[in-house]
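Provided below for reference: sequence and predicted model.
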Amino acid sequence: MMRIILFSMIILASFFSPAQENSLSHETPTISVGAEFNLFLQEKIRNGEAADLKVADSPMSFQKLESTALITTYEGINFDENATLNGSYFIPPDPIGAAGPNHLVSVVNCAIEWFTKAGVKQNSQRLGRNSGGLVGSFFATLGPLNATFDPKVIYDQYNGRFIVITLEQQSSPQASRILVAVSQTSNPNDGWYFHSINSLINIGSNSWADYPGLAVGTDAIYITANMFTFSGGGYAGGRLWIIAKSPFYSGGTATVTVHNPYPAGQATTYQPAHMFGTPQSNVGTFLIAYSGLSDGTNEYVNVVRVDNPLSAPTFNFQQFSLGNIDNTTGAYNNAPQLGTPTLIATNDRRSLNAVWRNNSLWSVFCIVPPSGVDAGQVTAHWVRVNTTTLGSLTLTDQGNIGGESIATGCYTFFPSIAVNSSNDVCIGFSASASTIYPGAYFTGRVSSDPLGYTINPDSVRRGRDYYIRTFGAGSNRWGDYSGSCVDPADDQTFYVFNQYAFTRGTPFSGEDGRWATAFGVVPVSTLPVELSSFTAKVLKNGDIQLNWRTETEVSNYGFDIERSQTSDVKGQTEWTKIGFVEGHGNSNSPKDYSFTDNNAGYGKYSYRLKQIDTDGQFEYSKIIEVDAGNIPGGFVLEQNYPNPFNPSTKIKFAVAETQSAKLIIYDVLGNEVAIPFNGTAEGGKIYEVEFSAKGGSASGGNASSGSSFRLVRNLTSGVYFYRLETQSKVENRKMLLLK
């Protein structure tokens, strides 16, 4: 076993700006779900009662699932695979993932995996010691004491490295460590540097670290943690560790300092901000906290700015109001799920992660809205703080991530947030309701969206079954967090890593539930343009009129109108561009638009808008569906348009059932002039055939399965007839050629 690298630990005095004089109540941090289970498992092992947690001899295999409609997804580690690696079953998964230029790295409670960006798995290892006492593969050089908990992974875009941390705690003899790994390059296969931080700190009595926050800045790694006493498990405060990148990133001895950066009475769960770009002045990072901080009416956020992190760190504390966003006097409930009265644990209001970019600090947590459609339901919430004036931070924007578009009474929880250089945002989260199983979802916004707006959520993986997994401790533990990140290679792709409930199949101790994980690949183009309204109506002549309004527009070039057709027979086809409407350009006021689809006809259609900006970027709107009615009598032959015509006209027809069809043109004497269509007509499809009276070919238009017949001569002015013959019906119509 390699010798653990020694490090220097310096406890520095903290410096603060004066705190506000208001007295705020907040939730006292509790032990994380991951730590709770880790302690539970250690107790079971000590008492010889862990046999029921041992991995089954033949765990059920997990089927690979298809990607969702909007995004590509890759399966990650799951309940049984994790148990195979570690020798025991573990909950909760505590999933989080990160993207590098060419790889994806993910961690769960006690395992690590990495993939290529094509979803090819290259490595799968346990993090710590397994239940049989064998040293784990990944942190083996640090001599893990037991199975780890609360792991996290991020990608350091400044230096092209992945950073992984995980925690371990032991009650007898007392021990607490933070295990740290940094990849030697941006490729995790090229090797890692490892380091162990002794996080056993005497704060009145010996305390151990729990629920870490992990972030990176230009020169340092930042780790926060809540501290709990070994005796009684009471909350003792919070700590911040700062690890200098140099010389650690080149394999040298790591230099670590530990700090208490919080004013008296303000210690709670803080998350360090993952920094992007060049920070202002000597700023290292920001620590942000929300845990139901309230004066009885309004809720507040705490921010600690960390300056001069590697020389003489100082800590500037600020606090500001979010308004009345959270009913902190009401119950913080667990989430319902389909198929069982057993609820999913949503934990508490603690801050979950943070990002700083372009002079904005973003963070996510959960609240219980006091009013609105999400009132009384645990709901994910995001905030944006303007840091331009360091001495006076201000709230710029905030919003709820409601789940009502997913299911009525839907709870949303364990959010994570990522931001690109254009201030486009992606937020991953979990969701569950009495009518759906708990699953993984995402939402987001583009920089031009109105204040408070996020798109209707879409799924990474919907839950497949209900989930019950308490291991006798009473709480149906779902997790502690999720992971969202932006692709450092293109800055236009987000990755969301989260868990979802899979099909039950590993029963023991009278309960059953299996978690699985997945990466969702979310391009910015899947974050639709904001429309305050987007509607459609069927006009009397059968045309479909689309109407929409934008609240704001930034460099808007225009809108492509795209359509797909749905019918009982055919199903949904691919999206087709059917028109373009020019935009109004830069505007801060509402603008109305309209487009009429003259080429729809009978059947069911879906429409979406593609807003194209002058810089070539684009976003999609939500999708609306229109039912233009059934095909009357199973057969329709419409009047040609235009009529009279010269020299060409269009003829539409449709049949309800797939069958052979023939469209014939006659003159007044009954002579056959042309047969523009002769083939199989698909049920529910609208066919449009263009017929020309000039000598040459009569085109089959979009009726690609039909035939085109050459006219022997130019036609003269006069009356002509067209006839549609099918297996079920024959119909004739008249048309007029005027030259």
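Received, thanks. Residues are numbered from 1 along each chain as shown.

need the strands for the stretch 451-600 of the chain, in chain order.
Using DSSP state E, counting those that start in this stretch, the strands found in the stretch 451-600 of the chain span residues 458-461, 483-486, 493-502, 514-523, 533-538, 544-550, 556-566, 576-582, 591-597.

now those in CSV, with mean pLDDT and distance to residue 282?
(Glycine included, C-beta is placed from N, CA and C.) Formatted as CSV, the strands of the stretch 451-600 of the chain follow (pLDDT from 0 to 100; distance: least, CB to CB, whole Å):
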stretch, mean pLDDT, distance to residue 282
strand 458-461, 90, 39
strand 483-486, 98, 25
strand 493-502, 96, 30
strand 514-523, 94, 34
strand 533-538, 84, 47
strand 544-550, 88, 42
strand 556-566, 79, 40
strand 576-582, 90, 48
strand 591-597, 90, 44
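
contacts only, for the one residue sitting closest to the centre of the chain.
Closest to where the C-alpha atoms of the chain average out (CA atoms, centre = their mean) is residue 442, at 2.7 Å. Residue 442 makes contact with 71, 426-429, 457-460, 484, 494, 496, 520, 522 under the criterion CB atoms under 8 Å, 6 or more residues apart in numbering.

out of those residues, who's the most crowded?
Neighbours were tallied for each of these (criterion: other CB atoms under 10 Å), and the maximum of 34 neighbours falls on residue 428.

would you reformat the strands of the stretch 451-600 of the chain as a markdown table and include distance to residue 120?
As requested, those are exported to a markdown table (distance: least, CB to CB, whole Å):
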| stretch | distance to residue 120 |
| --- | --- |
| strand 458-461 | 19 |
| strand 483-486 | 19 |
| strand 493-502 | 15 |
| strand 514-523 | 12 |
| strand 533-538 | 39 |
| strand 544-550 | 41 |
| strand 556-566 | 32 |
| strand 576-582 | 33 |
| strand 591-597 | 43 |
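
relative to residue 151, which of those strands is closest?
Each of those was checked against residue 151 via CB to CB, and the shortest separation belongs to strand 483-486, namely 10.6 Å.

and the closest one, C-alpha only, in PDB?
The C-alpha coordinates for strand 483-486 follow below in PDB (Å, rounded to 0.1, in the frame of the first residue of the first chain):
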ATOM      1  CA  GLY A 483     -25.600  16.100 -11.700                       C
ATOM      2  CA  SER A 484     -25.700  18.600 -14.600                       C
ATOM      3  CA  CYS A 485     -22.800  20.000 -16.600                       C
ATOM      4  CA  VAL A 486     -21.900  21.700 -19.800                       C
END
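
who are the packing partners of the host helix or strand of residue 431?
Using DSSP states H and E, the secondary-structure element containing residue 431 is strand 425-433. Other elements packing on strand 425-433 under the criterion 3 or more CB pairs under 8 Å, 6 or more residues apart in numbering; DSSP states H and E are strand 335-337, strand 379-386, strand 411-419, strand 436-445, strand 483-486, strand 493-502.

state the distance from the nearest residue to residue 466 once chain neighbours are set aside to residue 437.
Take residue 466 and drop its neighbours on the chain: the residue closest to it by CB to CB, 6 or more residues apart in numbering is residue 339, 3.8 Å away. Relative to residue 437, residue 339 is positioned 7 Å away (criterion: CB to CB, to the nearest Å).

overlap in contacts of the two?
Residues within reach of residue 339 and of residue 437 at once, by CB under 8 Å, 6+ apart, are 465-466.

which one's more surrounded, those two?
Between residue 339 and residue 437, counted using other CB under 10 Å, residue 437 has the larger neighbour count: 22 against 16.

ok, now which ones touch the more buried one?
Residues near residue 437 by CB under 8 Å, 6+ apart: 337-339, 462-467, 500-501.

ok, for it, nearest residue in space, not its chain neighbours?
In this structure, residue 437 finds its nearest non-sequential neighbour in residue 463, 2.7 Å apart by CB to CB, 6+ apart.

pull the number of nearby residues for the one you found.
27.

same for the helix or strand where residue 166 lies, what does it pack against?
Residue 166 is part of strand 161-170, with elements assigned from DSSP H and E. Counting contacts by 3+ CB pairs under 8 Å, 6+ apart, strand 161-170 is packed against helix 33-46, strand 103-108, strand 149-156, strand 175-183, strand 206-216, strand 220-229.

what's the following helix or strand after the longest one?
In other words, helix 33-46. strand 72-78.

likewise for the last one?
Under the assignment DSSP H and E, the closest C-terminal helix or strand after strand 220-229 is strand 235-244.

check the offset of stretch 321-341 from the chain's centre.
21 Å (CA atoms, centre = their mean, to the nearest Å).

equivalent analysis for stretch 637-644, please.
Its chain's C-alpha centre lies 49 Å from the corresponding centre of stretch 637-644 when counted by CA atoms, centre = their mean.

distance of the nearest residue to residue 636 once chain neighbours are set aside relative to residue 720?
Nearest residue to residue 636 in three dimensions, chain neighbours excluded: residue 654, at 5.1 Å (CB to CB, 6+ apart). As defined by CB to CB, residue 654 lies at a distance of 22 Å from residue 720.

neighbour count winner among the two?
Between residue 654 and residue 720, residue 654 has the larger neighbour count (other CB under 10 Å), namely 25 against 22.

just say helix, strand or coil for the more buried one.
Using DSSP: H, G, I helix; E, B strand; the rest coil, the structure places residue 654 in strand.

so who does it touch?
The contact partners of residue 654, by CB under 8 Å, 6+ apart, come to 601-603, 631, 635-636, 681, 684-687.

what's the answer for residue 364, then?
With contact set as CB under 8 Å, 6+ apart, residue 364 has these partners: 351-353, 380-383, 415-417, 427.

of those residues, which is the nearest to residue 252?
When the contacts of residue 364 are compared against residue 252 (criterion: CB to CB), the nearest one is residue 353, at 28.9 Å.

kindly state the beta-bridge partners for the nearest residue to residue 155 once chain neighbours are set aside.
Spatial nearest neighbour of residue 155, chain neighbours left out: residue 98 (4.4 Å); criterion: CB to CB, 6+ apart. Each beta-bridge partner of residue 98 is listed here: residue 105, as defined by DSSP bridges.

what about residue 98, neighbour count?
Neighbour count of residue 98, defined by other CB under 10 Å: 26.

what's the answer for residue 277, then?
Burial of residue 277, expressed as a neighbour count using other CB under 10 Å, amounts to 12.

likewise for residue 251?
Burial of residue 251, expressed as a neighbour count using other CB under 10 Å, amounts to 11.

which ones are touching it?
Contacts for residue 251 (CB under 8 Å, 6+ apart) come out as 184, 193.

tell me which element it is part of?
Assessed by DSSP H and E, residue 251 sits outside every helix and strand.

so what's residue 726 closest to, chain neighbours aside?
Closest residue to residue 726 in three dimensions, ignoring its sequence neighbours and counting by CB to CB, 6+ apart: residue 661, at 4.8 Å.

quick check: next helix or strand after the helix or strand hosting the one you found?
Assigned by DSSP H and E, residue 661 belongs to strand 659-667. Where DSSP H and E defines the elements, the next helix or strand beyond strand 659-667 is strand 672-681.

avg pLDDT for the helix or strand that that following strand is followed by?
Moving toward the C-terminus from strand 672-681, the next helix or strand (DSSP H and E) is strand 687-692. With pLDDT averaged residue by residue, strand 687-692 scores 87.

can you list contacts of the helix or strand that strand 687-692 is followed by?
Per DSSP H and E, strand 687-692 leads on to strand 718-726 as the next helix or strand towards the C-terminus. Contact with strand 718-726 is made by 635, 637, 640, 651, 653, 655, 659-668, 673, 681, 691, 730-737, as judged by CB under 8 Å, 6+ apart.
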